[in-house]
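1. Predicted model and sequence below, questions to follow.
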Amino acid sequence: MHIAQLHPRLRPLPRSANRDRRRIEFPVISFGAKQNTCNWPIAWLIFAITLMLSAVAPGARAGQLPLWEIGAGAAALSFPDYRGSNERQSWLLPVPYIVYRGEFLQADERRTRGLFYHTDRLEIDVSINGSVPVDSGKNDARRGMPNLDATLEIGPGLNLKLMESGDRRTRMELRLPVRGVFASDFSHVRQVGWVFQPQVNVDVRDPLGNAGWKLGLLAGPVYSDRRYNRYFYAVEPAFATAARPAYAAGGGYGGVQVIAALSKRYPGFWVGAFVKLDSLHGAAFAHSPLVTDQQGVAAGFSIAWILGQSKTTVEVPR
């Protein structure tokens, strides 16, 4: 397959009557489930997919490595419209590859964050996450309701090393991120709540003797406040129907997520893939009529070619 075949054809859509921002339509790649095509800002979509593919992959190799690396590639991704939806999006998109190994700002195959303080066992950082927008007109459960804007999650986190093997090939840590959530459609920004997501993360180098591969395993519950849950799962009386009764979502426990990721850095390119399992059983909003599936699966694959790197190198611990 040629590189050009990995990039979808893009075509601009006419401006709608109530929105005057230019949007791009992406073709849908079918994986056998019900698919939707949403008119989304291209920058938000690529940003969110880059986060999904990069935030879960294991850390970089040890030793002297370039201060920065840049590249470009493509990602194939399939995920529910939102947590609890039984309708999916599947995309094939271009994505950037950016690695920066600074003392404060760090972006690599593993995650993007600002590192404020660190010792051998403890780190304090700022991390980010996000979600893509949803066109309610193309989601059966939300039809007739306002669209969901893209969200950006950002906030501080405390990371505690729990265990490291003698050969330093396996590392386990407890992550305690707290993030404020902001929704935007590029004409306004508003805060829509808070998320607390304690996680146990395990990174394994050379799993089962496969040199150069990195395996990452992450699991933990999700807790979100009332505003966040109302944004995604509340049904105001004005939008209630016979099949979709009014619902006021409360805050609290929001289910469990389990993620597995595998990646490898070759001399000229990088490959990575992940699978995320999501369970909403027992969640504070599980009885919302907008929750049409209490179990969800997201998966993605990405390949990126390294186009350049700095001559300056930095020491990267294992």
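-> It's in. From a predicted model like this one, the values you see are computed outputs, not experimental measurements.

2. any idea how far the residue nearest to Asp225 when sequence neighbours are not counted is from Val275?
-> Counting by C-beta to C-beta, 6 or more residues apart in numbering, Asp225 lies nearest to Gly251, which is 4.2 Å off, once chain neighbours are set aside. Using the backbone N, CA and C atoms, a C-beta is placed for each residue, glycine as well. Separation of Gly251 from Val275 (C-beta to C-beta, to the nearest Å): 28 Å.

3. Contacts only, for the residue nearest to Asp225.
-> By C-beta atoms under 8 Å, 6 or more residues apart in numbering, the contact list for Gly251 reads 223-229, 284.

4. Switch the residues you listed over to a markdown table; also include pLDDT and neighbour count.
-> Formatted as a markdown table, the contacts of Gly251 follow (pLDDT from 0 to 100; neighbours: other C-beta atoms under 10 Å):
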| residue | pLDDT | neighbour count |
| --- | --- | --- |
| Tyr223 | 98 | 19 |
| Ser224 | 97 | 29 |
| Asp225 | 97 | 18 |
| Arg226 | 97 | 17 |
| Arg227 | 97 | 16 |
| Tyr228 | 97 | 26 |
| Asn229 | 97 | 22 |
| Ala284 | 97 | 20 |
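
5. Which ones among those residues lie within helices?
-> Using DSSP state H, the subset of the contacts of Gly251 located in helices is 226-229.

6. From those, pick the one nearest Ala261.
-> For the ones in helices among the contacts of Gly251, the closest approach to Ala261 (C-beta to C-beta) belongs to Tyr228, at 25.0 Å.

7. so who does that closest one touch?
-> Tyr228 sits next to 181, 192-195, 251 when contact means C-beta under 8 Å, 6+ apart.

8. One more pass at 10 Å, please.
-> Residues counted as contacts of Tyr228 (C-beta atoms under 10 Å, 6 or more residues apart in numbering) are 151, 153, 179-181, 183, 191-195, 222, 249, 251, 254, 285.

9. Chain neighbours aside, what residue packs nearest to it?
-> Spatial nearest neighbour of Tyr228, chain neighbours left out: Gly193 (2.8 Å); criterion: C-beta to C-beta, 6+ apart.

10. wait, isn't the one you found in contact with Ala234?
-> No: at 11.5 Å, Gly193 does not count as touching Ala234 under the criterion of C-beta atoms under 10 Å.

11. Between the two, which contacts overlap?
-> Joint contacts of Gly193 and Ala234 (C-beta under 10 Å, 6+ apart) are 226-227.

12. What does the residue nearest to Asp225 show for phi and psi?
-> Per-residue torsions, Gly251: phi -90, psi 170 (degrees, to the nearest 10).

13. that older thread, out of the contacts of Tyr228, which are buried?
-> By neighbour count, with 16 or more other C-beta atoms under 10 Å, the contacts of Tyr228 hold 151, 153, 179, 181, 183, 192-195, 222, 249, 251, 254, 285 as buried.

14. and of the residues you listed, the nearest to Thr170?
-> Distance to Thr170, by C-beta to C-beta, is smallest for Val222 among these, at 25.5 Å.

15. residues in contact with the closest residue to that closest one other than its chain neighbours?
-> Spatial nearest neighbour of Val222, excluding adjacent residues (C-beta to C-beta, 6+ apart): Gly254 at 4.0 Å. Contacts for Gly254 were tallied using C-beta under 10 Å, 6+ apart; they are 83-84, 195-197, 221-225, 228-229, 232-233, 278, 280, 282-286.
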